[in-house]
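>>> what follows is a predicted protein model with its sequence.
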Amino acid sequence: AVFDSATDEGIRLMEKMMTLVVDPNMIALVTHSRTTADLGAGFELVVVSGKGDDTTEEGRCKDLATRFTLLKDHEEVARCHMSYRDGSFDPSMGPTIEMIAVKKSHRGQGLLKILWYWVRTFIEDNFTIECLNDKSPLKHVMIKATYLTGTEIDKRHTGSKLKTLTDKEFFYRFCGFSVRKQLGALSMVMNRRPSDEEAQKYIPLLTMDERRRRSSFGTFDNSTSPLPGDATFVKDEGARACEHCNRVQIENMRCARCKDIVYCSKVCQKANWQKHRNWCGKSRVQVLERLKEQGMAEVDEDGNVCFMR
């Protein structure tokens, strides 16, 4: 259940409830707030939680969300938007990363690592509800990443070169996320969408003692935070689904051309080529135009995309 409060008295009541529950991992308090922190070297992090979309500074509409904005000399250089809802057909409680990216002019400077570090820290400190689906380990929170389309969100160093880093590569290859398979009868309507548009990762809940020992989020202990300028990423691979047979595993082959789609074997890669060649290496706009030509997608007067079965 989700309870809303618009008054300080209601917040105090919720805080009291949190001290009375038998299991502290069954309740979390996310308050409507704005927090800023000086990260040093001209960097500042602004964290805003409340009800509103990703483009409004105020107004109480839509769902509860948290927006993280990384500033450099007062200029926005990176942003993450995180909601607490789940539009999947097999919903499980947990924060959902709906968008994370570095501004084009500042890519390749290691800013994505800094932003992700503080997003995860915020989740560990504030979202304390244990995920209770039958796939999760005990005493863990599930973080989801959705709307993964292969879009560039940063650049990374490989030797002396800078290479594109897409959202899928970031979460699956360097953050340890695994593909989240849709379940249930209603998931059949998703059968034309890529199987890896949604990812998940389980992280251990902090104990009450650990939460007490950690500094409050407002103080921002920078001692373990990544430093700007380092755009190298260490591999932490999660499991992905084979594009042909949907087998989920960590060790996969990637398409040599687009570097995005994965296969569990050369047999599956060869069998899927006639289908994949229509999308390989194409941008999101190009894919949408192809889907419209084939009658597989429509765009309404408001610009919303509807996928057809």
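Right, received. Where do you want to start?
>>> so Leu162 makes contact with Ala231?
Yes: using CB atoms under 8 Å, Leu162 is in contact with Ala231, at 7.3 Å. For glycine as for every other residue, the C-beta is placed from the backbone atoms N, C-alpha and C.
>>> neighbour count for those two, which is higher?
Per other CB atoms under 10 Å, whichever of Leu162 and Ala231 has more neighbours is Ala231, with 22 against 14.
>>> any chance you could map the helices in the stretch 151-300 of the chain?
Remark: helices assigned in the stretch 151-300 of the chain by DSSP state H, counting those that start in this stretch are 167-169, 208-213, 266-276, 284-293.
>>> tell me which of those helices is the most buried.
helix 167-169 (a mean of 23; mean count of other CB atoms under 10 Å).
>>> chain center to that helix, what's the gap?
In terms of CA atoms, centre = their mean, to the nearest Å, the gap separating the centre of helix 167-169 from the centre of its chain is 10 Å.
>>> got a list of contacts for it?
Contact with helix 167-169 is made by Ile100, Ala101, Ala145, Leu148, Thr149, Gly150, Thr151, Ile153, Asp196, Lys259, Asp260, as judged by CB atoms under 8 Å, 6 or more residues apart in numbering.
>>> among these, which are located in strands?
Ile100, Ala101, Ala145, Ile153 (DSSP state E).
>>> low-confidence regions, the stretch 51-200 of the chain specifically.
For the stretch 51-200 of the chain, the stretches with pLDDT under 70 are 52-62, 86-92, 181-195.
>>> so how many other residues sit close to His32?
Neighbour count of His32, defined by other CB under 10 Å: 15.
>>> skipping adjacent residues, who's closest to it in space?
Gly50 (4.1 Å; CB to CB, 6 or more residues apart in numbering).
>>> elements contacting the longest helix along the chain?
Taking DSSP state H as the criterion, the chain has its longest helix at helix 111-126. Here helix 111-126 touches strand 43-51, strand 64-72, strand 75-83, strand 96-102, strand 140-145, strand 152-158, strand 199-204, going by 3 or more CB pairs under 8 Å, 6 or more residues apart in numbering; DSSP states H and E.
>>> export those strands to CSV and tack on mean neighbour count and distance to Cys268?
Formatted as CSV, those follow (neighbours: other CB atoms under 10 Å; distance: least, CB to CB, whole Å):
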stretch, mean neighbour count, distance to Cys268
strand 43-51, 18, 43
strand 64-72, 20, 38
strand 75-83, 19, 34
strand 96-102, 21, 29
strand 140-145, 22, 25
strand 152-158, 19, 27
strand 199-204, 20, 20
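>>> columns distance to Glu251 on top of these, output as CSV?
Formatted as CSV, the helices and strands packed on helix 111-126 follow (distance: least, CB to CB, whole Å):
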stretch, distance to Glu251
strand 43-51, 36
strand 64-72, 33
strand 75-83, 29
strand 96-102, 25
strand 140-145, 21
strand 152-158, 21
strand 199-204, 17
